[in-house]
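# can't give you the sequence, but here's the structure:
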């Protein structure tokens, strides 16, 4: 679709940090306008199709690699450009792109969605592509794992995926009790079982968040690669978007280049992410480890500057009776080593 290769539906930009969770940008389309516009844009190469009352399917046909993603309508409308997050990645790589969109907290548990994927299987839709990559986070991560069964041999990249909300299996997760009425026991129900036909499944999660760690532990199979991302809780997806990591992660997963080592290298981008640095420093302060706090401040000052960290560095040096300077050895130490030390202290 060349008419949308530049990427936007909205008229004006906004600075939302990439998270896509705040109010819609000024000049953006409302829901009805957005539906009409996206349907018009899909008329040439692809389609936009309602799936019952709460879901829609957006398909852009471009190349022999298919990215399948899952996202909420509110998140799309709140994002700069008002396009699914996989759109720019797919367009820049010449990939085809299918996004299943939900309106509300449906967890994509709807017979209309099941029927849609059944139809894609019957039509051998996925067989038209050389490679298929499923992506999602949270509830969408659950969906990416659950529906990848329709494309045997696909790769899955899931951020903080939930295995199920069925209380018989995940009764320990009390965050979504009002949604337990959804049917997780029939079609495409238990996500870990649905990944059996995948070539590789990459699960990015925070092992320090008990519920997410327990869900990740349910994805136990030879084809599953866990990728721990400490200190971020449920904000991992926002971090990979705001730091620009999402295209790199998707491309690496699609090209079979993603593994724990390559992920660790990519994930180092968080060392320039201000909320992460503040969180690590706060954890070290709570653990009462001033030398570790000084290590963090020296590293940040050497790599990025920052008057706040410089002031704190001088305060800590004075408190510890150390000379006021940036020692190369300390400054180059891994910030996450400090984070790991605080974890051990709390443990």
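Perfect, I can see it now. None of these values were measured; they are calculated from a predicted model. Numbering: from 1, shown residues only.
# and the gap between the residue most central in space within the chain and residue 257?
What sits nearest the mean C-alpha location of the chain, by CA atoms, centre = their mean, is residue 237, with 3.2 Å. As judged by CB to CB, to the nearest Å, residue 237 and residue 257 stand 21 Å apart. (C-beta placed from N, C-alpha, C; glycine too.)
# which SS state does the residue nearest to the centre of the chain fall under?
With DSSP: H, G, I helix; E, B strand; the rest coil as the basis, residue 237 sits in helix.
# I figured it hits residue 158, correct?
No - using CB atoms under 8 Å, residue 237 is not in contact with residue 158, being 10.3 Å away.
# in this structure, where is pLDDT below threshold?
For the chain, the stretches flagged by pLDDT under 70 are 1-27, 325-347.
# picking that back up, report the contact partners of the closest residue to the residue nearest to the centre of the chain other than its chain neighbours.
With sequence-adjacent residues excluded and distances taken as CB to CB, 6 or more residues apart in numbering, residue 237 is closest to residue 137, at 3.8 Å. Residues near residue 137 by CB atoms under 8 Å, 6 or more residues apart in numbering: 158, 159, 160, 161, 236, 237.
# got it, and residue 229?
204, 205, 206, 236, 239, 267.
# for those, pick the one with the most neighbours.
residue 205 (27 neighbours; other CB atoms under 10 Å).
# mind listing what it touches?
Residues counted as contacts of residue 205 (CB under 8 Å, 6+ apart) are 159, 160, 161, 212, 213, 215, 216, 226, 227, 228, 229, 236.
# if we can go back for a sec, just the contacts of residue 229 now: which is nearest residue 171?
In terms of CB to CB, no member of those lies closer to residue 171 than residue 205, at 19.5 Å.
# for the closest one, list each beta-bridge partner.
Bridge pairing for residue 205 (DSSP bridges) gives the partners residue 228.
# how far away is it from residue 321?
Taking CB to CB, one finds residue 205 at 41 Å from residue 321.
# what do you get for residue 284?
Counting by CB to CB, the gap from residue 284 to residue 321 is 19 Å.
# would you map out the domains in this protein?
2-271, 273-346 (automatic domain parsing).
# just say which of those domains is most tucked in.
When the domains of the chain are scored by mean count of other CB atoms under 10 Å, the highest mean neighbour count falls to domain 2-271 (a mean of 18).
# can you tell me the element the closest residue to residue 277 other than its chain neighbours falls in?
Excluding the flanking residues, the one nearest residue 277 by CB to CB, 6+ apart is residue 300, at 5.9 Å. Assigned by DSSP states H and E, residue 300 belongs to helix 290-304.
# how far out from the middle of the chain is the helix or strand just after that helix?
For helix 290-304, the succeeding helix or strand toward the C-terminus, using DSSP H and E, is helix 307-320. Relative to its chain's centre, helix 307-320 lies at 35 Å (CA atoms, centre = their mean, to the nearest Å).
# now swap in stretch 263-283 and tell me
16 Å.
# endpoint to endpoint, that stretch covers what distance?
Using CA to CA, to the nearest Å, the end-to-end distance of stretch 263-283 comes to 24 Å.
# give the contact list for the residue nearest to the centre of the chain.
137, 138, 159, 160.
# let me know the closest of the residues you listed to residue 185.
Among the contacts of residue 237, residue 138 lies closest to residue 185 (CB to CB), at 20.4 Å.
# so that closest one sits against residue 161, correct?
Yes - using CB under 8 Å, residue 138 is in contact with residue 161, at 7.5 Å.
# how much space between residue 33 and residue 231?
Counting by CB to CB - residue 33 and residue 231 are separated by 40 Å.
# ok, residue 109 next?
Separation of residue 109 from residue 231 (CB to CB): 31 Å.
# what does residue 48 give?
Separation of residue 48 from residue 231 (CB to CB) stands at 39 Å.
# could you pull out the strands in this protein for me?
Using DSSP state E, the strands of the chain run over residues 46-51, 55-60, 65-72, 96-102, 131-137, 155-159, 200-205, 224-228.
# how about those, which one is nearest residue 249?
strand 155-159 (6.3 Å).
# just the angle between that closest one and strand 65-72, please?
For strand 155-159 against strand 65-72, the angle by axes from the mean of the first three to the mean of the last three CA atoms, to 10 degrees is 30 degrees.
# tell me the gap between strand 155-159 and the middle of its chain.
9 Å.
# what's that strand packed up against?
strand 131-137, helix 139-147, strand 200-205, helix 236-242, helix 246-254 (3 or more CB pairs under 8 Å, 6 or more residues apart in numbering; DSSP states H and E).
# quick one: strands adjacent to that strand?
Here, using DSSP bridges, strand 155-159 pairs with strand 131-137 (parallel), strand 200-205 (parallel).
# what's the angle from the shortest one to strand 224-228?
It refers to strand 200-205. Going by the same axes, to 10 degrees, strand 200-205 makes 20 degrees with strand 224-228.
# centre of the chain to strand 200-205, how far?
11 Å.
# now that strand against helix 246-254, angle please.
On the basis of the same axes, to 10 degrees, strand 200-205 is oriented at 140 degrees to helix 246-254.
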